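Engineer: Here is my input; please provide its structure:
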Amino acid sequence: MGSIDRYIFRTTLASFAVVLVSLTGVIWITQALRGIDLMTSQGQTILTFLGITGLVIPALILIISPIALMISISHTLNKLATDSEIIVMNAAGFSPLRLFLPFLYATCVVSLIVAFIASYLAPDGLRRIKQWDAEITADVLTNILQPGRFAQLDQNLTIRIRERQPGGVLAGIFVDDRRDPKERVTIIADHGTILRNENGSFLVLEDGNLERFEAGKRDPALVAFGRYAFDMSQFSNRSRDTSLGIRERYLWELLSPAADDPVFKQLGGQFRAELHDRFLAPIYPFAFSVLTFAFLGTPRTTRQSRGFAITSAVLAVFGLRMAGFACSVMTVKTPSAALAQYLMMVAAIAVGMFIIVRGYVIDAPAPLIEAINRTVERMTRLVGRPATA
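Structural biologist: Numbers count the residues shown, from 1 in each chain. The predicted model follows:
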């Protein structure tokens, strides 16, 4: 790889990283806002919130990476064209195909990243989200104990909390325990927290009073305590079994699912569609880079407009991706639709490479340019016409 190749390679990957981080950050924020109830209604910490929402980032990168690569290639080519570097390299003997090589190297790097994310990282993150969410929603201590409500955990056990505070602190706790027919226990505590360890789940109460009224006795026993652990293990269901969805399966699990897998038996078509999507994910960066370079990589003078080429490149990439989504949906019921996806990818890459090798300059047809110019002139005359008295 020569110095020019290294320069283009570094510029493309640097732009790709900036665009990828920016787009992923914006989309991640919109997705993370949907899970804000983890901190508000279920009393989880900010670390839990960031952990659960952050695990979706690999799945976002999987979709955004080809688009970020297209934007970075467009930016690099536009920079080279603005500085007249493409024309200079062409005059020095660089053919469009030779100029495309450093972009191809960058595309290979992106494709390898996408392949790793599609086969392992994205499904691993999604299954961790599902398991983590199941632990939270299946736990009565975090799902039922809502501020201001009397929670009937058992026929003879009632708990109420006044509010949830940051850090998982429960304030204003009231417990009425009548499970033992020989005594009734009433507890009022200023605050407390939920503690889970290998011994079980406990509601750790602090700064409160315990009133025990035993059967056959006239007066209750009143005890003030600084710290008291109330056993809640029987109400914590942490061993809940969660079945993995299709998107949570690794690539090798999609290739050879178990014969007795109930999800595979019920949704075999979706298994097939997801498998082909995983195979096609590393190919999309090549198709996008080839199409983008085919429209923007040929030498142009600074007086030649690149607007039509940029618009055409965006429409071509957008159309290819939308057609891929449509074929993916159709593959669920029509297996032959998967073949159409592969044929579209091959056709897009073949057409793009043909344009690159031939060095065709894609520009707007002359009649279209003349029609646009006439329309602009008419609008200019209408806007600039002086108003009559």
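Engineer: can you give me the helices for the stretch 1-150 of the chain?
Structural biologist: Using DSSP state H, counting those that start in this stretch, the helices of the stretch 1-150 of the chain run over residues 3-32, 37-40, 46-54, 57-82, 85-91, 96-116, 122-138, 140-143.
Engineer: Next, format these as JSON lines and append distance to residue 179 and mean pLDDT.
Structural biologist: Placement of C-beta: from N, CA and C, glycine included. Shown next, in JSON lines, are these (distance: least, C-beta to C-beta, whole Å; pLDDT from 0 to 100):
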{"stretch": "helix 3-32", "distance to residue 179": "41", "mean pLDDT": "88"}
{"stretch": "helix 37-40", "distance to residue 179": "31", "mean pLDDT": "54"}
{"stretch": "helix 46-54", "distance to residue 179": "31", "mean pLDDT": "73"}
{"stretch": "helix 57-82", "distance to residue 179": "45", "mean pLDDT": "89"}
{"stretch": "helix 85-91", "distance to residue 179": "80", "mean pLDDT": "78"}
{"stretch": "helix 96-116", "distance to residue 179": "53", "mean pLDDT": "91"}
{"stretch": "helix 122-138", "distance to residue 179": "22", "mean pLDDT": "75"}
{"stretch": "helix 140-143", "distance to residue 179": "15", "mean pLDDT": "58"}
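Engineer: out of these, nearest to residue 163?
Structural biologist: Residue 163 sits nearest to helix 37-40 of all the helices of the stretch 1-150 of the chain, at 11.2 Å, using C-beta to C-beta.
Engineer: Return the most buried member of the helices of the stretch 1-150 of the chain.
Structural biologist: helix 57-82 (a mean of 21; mean count of other C-beta atoms under 10 Å).
Engineer: and that one, how far from the chain's centre?
Structural biologist: 17 Å (C-alpha atoms, centre = their mean, to the nearest Å).
Engineer: swap in stretch 117-134?
Structural biologist: Averaging C-alpha positions (C-alpha atoms, centre = their mean) puts stretch 117-134 11 Å from its chain's average.
Engineer: same question, stretch 23-36
Structural biologist: Offset of stretch 23-36 from its chain centre (C-alpha atoms, centre = their mean): 8 Å.
Engineer: Dump the C-alpha coordinates for it into PDB.
Structural biologist: Extracted in PDB, the C-alpha atoms of stretch 23-36 (Å, rounded to 0.1, in the frame of the first residue of the first chain):
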ATOM      1  CA  LEU A  23     -25.300   8.300  14.100                       C
ATOM      2  CA  THR A  24     -25.100   5.500  16.600                       C
ATOM      3  CA  GLY A  25     -25.200   8.000  19.500                       C
ATOM      4  CA  VAL A  26     -28.200   9.800  18.200                       C
ATOM      5  CA  ILE A  27     -30.200   6.600  17.600                       C
ATOM      6  CA  TRP A  28     -29.100   5.100  20.900                       C
ATOM      7  CA  ILE A  29     -30.400   8.100  22.800                       C
ATOM      8  CA  THR A  30     -33.800   7.800  21.200                       C
ATOM      9  CA  GLN A  31     -33.800   4.000  22.000                       C
ATOM     10  CA  ALA A  32     -32.500   4.600  25.600                       C
ATOM     11  CA  LEU A  33     -35.300   7.100  26.400                       C
ATOM     12  CA  ARG A  34     -37.800   4.200  26.000                       C
ATOM     13  CA  GLY A  35     -36.200   2.400  28.900                       C
ATOM     14  CA  ILE A  36     -36.100   5.400  31.300                       C
END
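Engineer: rewinding a little: what about the helices of the stretch 1-150 of the chain, which gets the closest to residue 293?
Structural biologist: Closest approach to residue 293 among the helices of the stretch 1-150 of the chain is made by helix 96-116 (5.3 Å; C-beta to C-beta).
Engineer: For the residue in the chain sticking out farthest from the centre, give me the pLDDT.
Structural biologist: When distances are taken from the C-alpha mean of the chain, residue 218 lies farthest, 62.8 Å away, according to C-alpha atoms, centre = their mean. For residue 218, the model assigns a pLDDT of 77.
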